[in-house]
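[1] 3D model of this:
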Amino acid sequence: MVHAQLDPAARQALAAEAVDAKIRKDLTWQQIADAAGLSVAFVTAAVLGQHPLPEDSAKAVAELLGLDDDAAALLQTIPMRGTSPGVVPTDPTIYRFHEMLQVYGTTLKALVHEQLGDGIISAINFKLDVRKVADADGGERAVITLDGKYLPTKPF
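    Okay, the predicted model is just below:
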């Protein structure tokens, strides 16, 4: 049976326990995703409390991390998404994404609507990729791809 969370506290506690296990076992997110058989972005988000995992994936992740059956069951629950504490994030990495949307959010909206029309980009039917590439001027750059299905607004 599918269950949904009302209070994010249980998933947040599980996320902390899972990250501790990841560190103790010296695992990467990719290794955890490989065990789950799903993308690294989705599994990372799921373990951090933002998605449910399918039963087989949840059991594989729990086993790899040394978590019990209750944790495997909790990994399958539909979480209360978007539960980062506070309105403006304080973590520097998360804050920079917030800052990017503050600066470029209206630009993204204008370009999406001009090119696709009135609608939204789904965060449900969605893919995420993060890559490190060399910068021609030296150093490295982060290439982040957000790939969401476009859902047009429909008059009713």
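
[2] Assign Asn125 to helix, strand or coil.
    strand (DSSP: H, G, I helix; E, B strand; the rest coil).

[3] What ranges does this protein have for its strands?
    For the chain, the strands defined by DSSP state E cover 119-134, 140-152.

[4] Mind giving me the packing neighbours of the first one?
    Judged by 3 or more C-beta pairs under 8 Å, 6 or more residues apart in numbering; DSSP states H and E, strand 119-134 is in contact with helix 40-47, helix 92-116, strand 140-152. Any C-beta I mention is one placed from the backbone N, CA and C, and that applies to glycine too.

[5] quick one: contacts for the nearest residue to Thr44 once chain neighbours are set aside?
    Among residues not flanking Thr44 along the chain, Trp29 sits closest, at 4.7 Å (C-beta to C-beta, 6 or more residues apart in numbering). For Trp29, the contact set (C-beta atoms under 8 Å, 6 or more residues apart in numbering) comprises Lys22, Val40, Val43, Thr44, Val47.

[6] how near is Trp29 to Asp69?
    Computed as C-beta to C-beta, to the nearest Å, the Trp29 to Asp69 distance reads 23 Å.

[7] And for Met100?
    Distance of Met100 to Asp69, computed by C-beta to C-beta: 40 Å.

[8] Can you check the pLDDT for the residue nearest to the spatial centre of the chain?
    Computing the C-alpha centroid of the chain and ranking residues by C-alpha atoms, centre = their mean puts Ala45 first, at 3.2 Å. pLDDT, Ala45: 90.

[9] can you check Ser84 too?
    So Ser84 comes in at 61 (pLDDT).

[10] burial count for Pro89?
    Neighbour count of Pro89, defined by other C-beta atoms under 10 Å: 15.
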